[in-house]
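K.L.:
Structure of the sequence below:
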Amino acid sequence: MISPDSWRAIWKPEYKRVFDAAHKEGFDVWMHSCGYISDILGDLIEIGLNGVHMDQQDNMGLEELGRNFRGKVTFYSPVDIQLMMKLGGADGIRSYCRKMSVNLGTKEGGFIPRWYTDPVSVGHTKECIDVMCEEFLAISREIYGK
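P.N.:
From the prediction side, this is the model:
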């Protein structure tokens with residue numbers, strides 16, 4: 001745990017050094033976070049973050065993430081792993097998938113949906129994962145006609 005101001009003073013220059021080295025070698029920079037990073041996500045983007053893998057994005061609010069960062073970074077996320085089984089079944093999951101797509105994605109990119117790689121540990125059922133995947137594919141077809 002560290003305050004955003006302390007993170008900026010201590011860690012931001014170090015992350016920038018690492019991000020710059022990766023970019024110099026032709027790599028994109030991606031990182032994972034399940035924590036609340038809204039207060040420093042803009043800083044990470046500013047110093048070169050290309051993509052962020054979030055499995056629990058709802059703790060920051062989809063609308064806030066979209067309002068502040070949509071089109072500036074690529075989000076690589078499933079339906080929030082803490083929320084999936086609390087969304088009220090298939091219709092709730094479909095609705096949340098659409099909410100994610102609207103708030104995080106653009107036609108040019110910016111959102112890559114995925115499923116959680118250890119669904120058993122968070123209580124996800126195959127049926128719920130199937131609904132999520134089918135809805136993300138349906139959204140993709142609507143946007144891209146494929």
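K.L.:
And the strands in the chain?
P.N.:
Listed in chain order, the strands of the chain (DSSP state E) span 30-32, 51-53, 74-77, 111-113.
K.L.:
Could you dump those strands into TSV with mean neighbour count added?
P.N.:
All C-beta spots, glycine's among them, are computed from the backbone N, C-alpha and C. TSV is the format used below for these (neighbours: other C-beta atoms under 10 Å):
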stretch	mean neighbour count
strand 30-32	13
strand 51-53	18
strand 74-77	21
strand 111-113	18
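K.L.:
can I have the helix ranked longest in the chain written out in CSV, keeping just the CAs?
P.N.:
Of all the elements of type helix in the chain, the one with the most residues (DSSP state H) is helix 126-144. The C-alpha trace of helix 126-144 is given here as CSV (Å, rounded to 0.1, in the frame of the first residue of the first chain):
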residue,chain,number,x,y,z
LYS,A,126,-19.0,-23.4,-17.5
GLU,A,127,-22.5,-22.1,-18.3
CYS,A,128,-21.7,-18.6,-17.2
ILE,A,129,-18.3,-18.6,-19.0
ASP,A,130,-20.1,-19.8,-22.1
VAL,A,131,-22.7,-17.0,-21.9
MET,A,132,-19.9,-14.4,-21.4
CYS,A,133,-17.9,-15.7,-24.4
GLU,A,134,-20.9,-15.9,-26.6
GLU,A,135,-22.0,-12.4,-25.7
PHE,A,136,-18.5,-11.0,-26.4
LEU,A,137,-18.5,-12.8,-29.8
ALA,A,138,-22.0,-11.4,-30.6
ILE,A,139,-20.8,-7.9,-29.8
SER,A,140,-17.8,-8.3,-32.0
ARG,A,141,-20.0,-9.5,-34.9
GLU,A,142,-22.2,-6.4,-34.4
ILE,A,143,-19.2,-4.1,-34.5
TYR,A,144,-17.2,-5.8,-37.2
